[in-house]
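*Asks:* predicted model and sequence follow; I will ask about them next.
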Amino acid sequence: TTTGSAATGYTKYIVTVQTQAGVSTGSVELSLQLHNEGAFADAYGNTVVIPSGGLSLVNLDGKQDIDTKAPEAPLIALNAAVTDNTVSKAEALTDLASGGIVKVTAEAGSQVEVTFSTAASGALKTKTKTIASANAAGDAVTLTDADLADLGVASTQNASITVKAKATDAAGNVGAEASLSSFTLDSVAPVVSTVTGASTSTAGPTNVSFTVTLSETLNSDLSAANFALKDATLGTIASVTKSSSDAKQYTVVVTPAQGKTGDIALTLKGNGVTDVAGNPLLDADLSGLNKQTISTLAPKVLSVTDDFAGEWANANSTIRYTVTFDKALSTASMTADQLKAAFTDAKGEVQSVTRSSDNVYVVSVKPTANQDDAYMSLNIVADKLVDALGNKVEAASLSSFDSQRVDTMAPVAPSIALSAASDTGDKDGKF
């Protein structure tokens, strides 16, 4: 295009050059070429003289460096400390503050726009952070509390966040946009969701099993060290086993203590365990989720009486002791011999045991021979009798309740001797 007119002459020519695309380094240089000698003249007829090789205009600012090649799409990588594409909010804001949540590598010197986006709040929100001049070795990009607020991420909320980046070089060429598969910003600490397995019925001395289900998978397995009983006197943690079908589920087995009654309930100890993102598992009282009532008290004898009226029992006597326990025993399925085996008497032989009721038993005992002024009393043999919960009756002497004096030894035959003054001769048939 020109400025001026045919009347006044053309004094300026504007030359527009369409640069070639994809040139990373180069320049446009202008020169005048003689195509029609004498065709160009001033108003006075003086023709423009141009050397046959052309007239370079470089020294007259006829050169322009160009860069028409767009920068490559940046490379976006999650921080190597982020595992399973999941990071805790605390880790993102503190541990990764220096190394960045992501590292962006773009053309050196280019300006890079890094855009984070999430629909955690229900609507898609974005936050763009700018790298003014990219470092060839890559730049760390961090997230702050203010950034998360702009993204609508609540303090106790998990958010799926995507990352995009594009570079603009110094010449103004805009590169292709790069994307990173979404990562999860996990702000929620793992907790125990449910505890099941306890029975509504009172349990006895056998192991009690609880099924503990967590809200999410942990970075390491729980063990017996992570559980305790709210009342430690009621038992011990026997084992903790992770489910083979559900990584969030554990079976906790408790061995009840002997001689106790009460409610077994669990407590949780975090002990440094975290979820995959790094949120810590906190100590917790699980008694509100489930508990098991137990009674491991062994049945005790309340009283022992006998039906023998006399002071002395002899070899022909049978002593019937009535033994009363403080709770019902589970004996309905026991044989007569099994019941007999539950009682002994050092001075007698148990003949039979009759069940009057679940907690009252009649033990018939015959004194053994050759007892000289002895006392009969019952003994209980350990572990032969149990209550309905499986608590075993312990070995015990019942002599303090009742005893019977006995003598089964026959007296020695009397000796008969003539008086020394008697005449041993036979006189008329008389001594």
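*Replies:* Structure received.
*Asks:* stretch 222-231: which residues count as buried?
*Replies:* Leu222, Asn226, Phe227, Leu229, Asp231 (16 or more other Cβ atoms under 10 Å). Heads up, the C-betas are built off the backbone N, CA and C, glycines and all.
*Asks:* what sits closest to the last one if chain neighbours are left out?
*Replies:* When you say that, I think you mean Asp231. Gly262 (6.0 Å; Cβ to Cβ, 6 or more residues apart in numbering).
*Asks:* state the three-state secondary structure for that neighbour.
*Replies:* Three-state call for Gly262 (DSSP: H, G, I helix; E, B strand; the rest coil): strand.
*Asks:* tell me what it is bridged to.
*Replies:* Here Gly262 sits in beta bridges with Ile294, going by DSSP bridges.
*Asks:* around it, count how many other residues there are.
*Replies:* Residues lying near Gly262 (other Cβ atoms under 10 Å) number 19.
*Asks:* before we move on, what about the one 3 residues further on?
*Replies:* One way to gauge burial is a neighbour count; for Ala265, by other Cβ under 10 Å, it gives 21.
*Asks:* contacts only, for it.
*Replies:* Leu229, Lys230, Asp231, Leu286, Ser287, Asn290, Lys291, Gln292 (Cβ atoms under 8 Å, 6 or more residues apart in numbering).
*Asks:* tell me the spacing between Val363 and Gly152.
*Replies:* 80 Å (Cβ to Cβ, to the nearest Å).
*Asks:* more neighbours: which of those two?
*Replies:* Val363 (26 against 17).
*Asks:* let me know the pLDDT of the closest residue to the more buried one other than its chain neighbours.
*Replies:* The shortest distance from Val363 to any non-neighbouring residue, by Cβ to Cβ, 6+ apart, is to Tyr321 (4.6 Å). For Tyr321, the model assigns a pLDDT of 97.
*Asks:* beta-bridge partners for Tyr321, please?
*Replies:* Residues in beta-bridge contact with Tyr321 (DSSP bridges): Asp306, Val363.
*Asks:* my guess is it contacts Asn379. True?
*Replies:* No. Using Cβ atoms under 8 Å, Tyr321 is not in contact with Asn379; the gap is 11.2 Å.
*Asks:* who has more neighbours, those two?
*Replies:* For the pair Tyr321 and Asn379, the greater number of neighbours falls to Tyr321 (27 against 16), based on other Cβ under 10 Å.
*Asks:* list the contacts for that one?
*Replies:* Tyr321 neighbours (Cβ under 8 Å, 6+ apart): Val304, Thr305, Asp306, Val362, Val363, Ser364, Val365, Leu378, Leu398, Asp402.
*Asks:* just the buried members of these?
*Replies:* Using 16+ other Cβ under 10 Å as the threshold, Val304, Asp306, Val363, Ser364, Val365, Leu378, Leu398, Asp402 are the buried ones among the contacts of Tyr321.
*Asks:* in TSV, list those residues along with distance to Val114.
*Replies:* Shown next, in TSV, are these (distance: Cβ to Cβ, whole Å):
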residue	distance to Val114
Val304	88
Asp306	95
Val363	89
Ser364	94
Val365	94
Leu378	88
Leu398	86
Asp402	92
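*Asks:* which stretches in this structure count as helices?
*Replies:* Listed in chain order, the helices of the chain (DSSP state H) span 89-90, 145-150, 336-340.
*Asks:* may I see the buried residues of the longest one?
*Replies:* In this case it means helix 145-150. Asp147, Leu148.
*Asks:* distance from the chain centre to it, please.
*Replies:* 30 Å (Cα atoms, centre = their mean, to the nearest Å).
*Asks:* got a pLDDT number for the closest residue in space to Ser317 that isn't next to it in sequence?
*Replies:* Using Cβ to Cβ, 6+ apart and skipping the chain neighbours, the partner closest in space to Ser317 is Pro367 (6.1 Å). Pro367 carries a pLDDT value of 96.
*Asks:* equivalent analysis for Asn279, please.
*Replies:* So Asn279 comes in at 89 (pLDDT).
*Asks:* dump the contacts of Ala265 to a markdown table, plus distance to Thr19.
*Replies:* Shown next, in a markdown table, are these (distance: Cβ to Cβ, whole Å):
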| residue | distance to Thr19 |
| --- | --- |
| Leu229 | 80 |
| Lys230 | 79 |
| Asp231 | 84 |
| Leu286 | 72 |
| Ser287 | 77 |
| Asn290 | 76 |
| Lys291 | 80 |
| Gln292 | 82 |
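*Asks:* return the member of those residues nearest to Thr128.
*Replies:* Leu286 (45.0 Å; Cβ to Cβ).
*Asks:* quick one: neighbours of the residue nearest to Met409 when sequence neighbours are not counted, just the number.
*Replies:* Excluding the flanking residues, the one nearest Met409 by Cβ to Cβ, 6+ apart is Asp372, at 4.4 Å. Counted with other Cβ under 10 Å, residues neighbouring Asp372 total 8.
*Asks:* let me see the backbone angles for Asp372.
*Replies:* phi -110, psi 100 (degrees, to the nearest 10).
*Asks:* that one and Asp407 touch, don't they?
*Replies:* Yes. Contact status for Asp372 versus Asp407: in contact at 6.1 Å, counting by Cβ under 8 Å.
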